[in-house]
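S.K.: Dropping the sequence and predicted coords here.
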Amino acid sequence: MVARLAADNGGVAKLSGDLSRIGCSLVRTARDPVVWVFLLAATFEVLTGDPLLHALLLYAAAAVLVGDGIRRRVAGGAPAAVEGAAAPGPAPRARPEARPPRALLVAGCLLYAIAVGSFRRYTYPMTVAVGIPAAAAVVWAWRVPPRPVRPGTRRMHPPGVALWLAVFVGAALWELAALLFQPSLMVDSPAHPTVSVLLDPILSHHPGRSVGLAVWLAIGWFLVER
């Protein structure tokens, strides 16, 4: 009887500790500015009358980031059963060495950009065609561990961080001001163009969309490799 009570109390204590760690992890993860960027972008997608699927994808990305942050913090804070044992969770996989030739990847990306660029904007075929490589890049980035950092190497330089932060904040404020100066959130204004309005002349035809997709793939590949 005493052993059963002790086991029950231990289970309750463990559950309470797990809930406490999850709560703390949720609060810390919610402070991530990237999560709020996705949430705000999704909200403005809804307010401006864009396809609901776009907003749902952005909300889903924010939810995945929150869930992954909670999982990592809870797994990292859980005590190991044996000293020196690895933290719970799947073991990180080594970065695969064998890769397709770079020329083949470039050719595939160009063919993809030319083919998908022929689709009309704001249609389901275009959304699916763009979502597939985006989802593949997210899965790849999550499953493959980052490259090891050499000792003494600084991954982030404060002046560079401050400069990029100023660029992003300035662009966000400009976009918000242009959006608020429109006749309404659903009516574009050439006098106060948003980024999408400025890109309309380029993305309104097949070659422009193909070039945009090629640039998007190049930037995505660069980020995944980082």
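M.R.: Now that the structure is in, tell me what you want to look at.
S.K.: Could you give the backbone dihedrals for the residue nearest to residue 51 when sequence neighbours are not counted?
M.R.: Among residues not flanking residue 51 along the chain, residue 122 sits closest, at 6.2 Å (Cβ to Cβ, 6 or more residues apart in numbering). Any C-beta I mention is one placed from the backbone N, CA and C, and that applies to glycine too. Backbone torsions of residue 122, given as degrees, to the nearest 10, read phi 60, psi 30.
S.K.: contacting residues around the closest residue to residue 62 other than its chain neighbours?
M.R.: Sequence neighbours aside, residue 38 is the residue nearest to residue 62 in space, at 3.8 Å (criterion: Cβ to Cβ, 6+ apart). Residue 38 sits next to 58, 59, 61, 62, 65 when contact means Cβ atoms under 8 Å, 6 or more residues apart in numbering.
S.K.: Neighbours of the residue nearest to residue 51, how many?
M.R.: Look at residue 122: counted by other Cβ atoms under 10 Å, it has 11 neighbours.
S.K.: if I look at the residue nearest to the spatial centre of the chain, how far off is residue 186?
M.R.: With distances taken as Cα atoms, centre = their mean, the residue of the chain nearest its centroid is residue 61 (5.9 Å). Residue 61 is 24 Å from residue 186, where distance means Cβ to Cβ, to the nearest Å.
S.K.: swap in residue 113?
M.R.: In this view, residue 113 and residue 186 are 30 Å apart by Cβ to Cβ.
S.K.: Check the gap between residue 178 and residue 167 for me.
M.R.: From residue 178 across to residue 167, the span is 17 Å (Cβ to Cβ).
S.K.: Same question for residue 142.
M.R.: For residue 142 relative to residue 167 (Cβ to Cβ), the value is 27 Å.
S.K.: cool, residue 128 as well?
M.R.: Taking Cβ to Cβ, one finds residue 128 at 32 Å from residue 167.
S.K.: try residue 202
M.R.: According to Cβ to Cβ, residue 202 stands 21 Å off from residue 167.
S.K.: May I ask which helix or strand of the chain has the lowest mean pLDDT?
M.R.: The weakest-scoring helix or strand in the chain, judged by mean pLDDT, DSSP states H and E, is helix 2-30 (a mean of 60).
S.K.: Find the nearest non-adjacent residue to residue 182, please.
M.R.: Nearest to residue 182 is residue 189, by Cβ to Cβ, 6+ apart, at 4.3 Å.
S.K.: Wait, a helix at the one you found?
M.R.: No: going by DSSP: H, G, I helix; E, B strand; the rest coil, the assignment for residue 189 is coil, not a helix.
S.K.: I'd say it and residue 180 touch.
M.R.: No: under the criterion of Cβ atoms under 8 Å, residue 189 makes no contact with residue 180, lying 10.3 Å away.
S.K.: what's the domain layout of the chain?
M.R.: 1-79, 98-145+158-226 (automatic domain parsing).
S.K.: Quick check: which helices or strands does the host helix or strand of residue 211 pack against?
M.R.: In this structure, residue 211 is located in helix 206-225 according to DSSP states H and E. For helix 206-225, the packing partners by 3 or more Cβ pairs under 8 Å, 6 or more residues apart in numbering; DSSP states H and E come out as helix 102-116, helix 124-143, helix 195-203.
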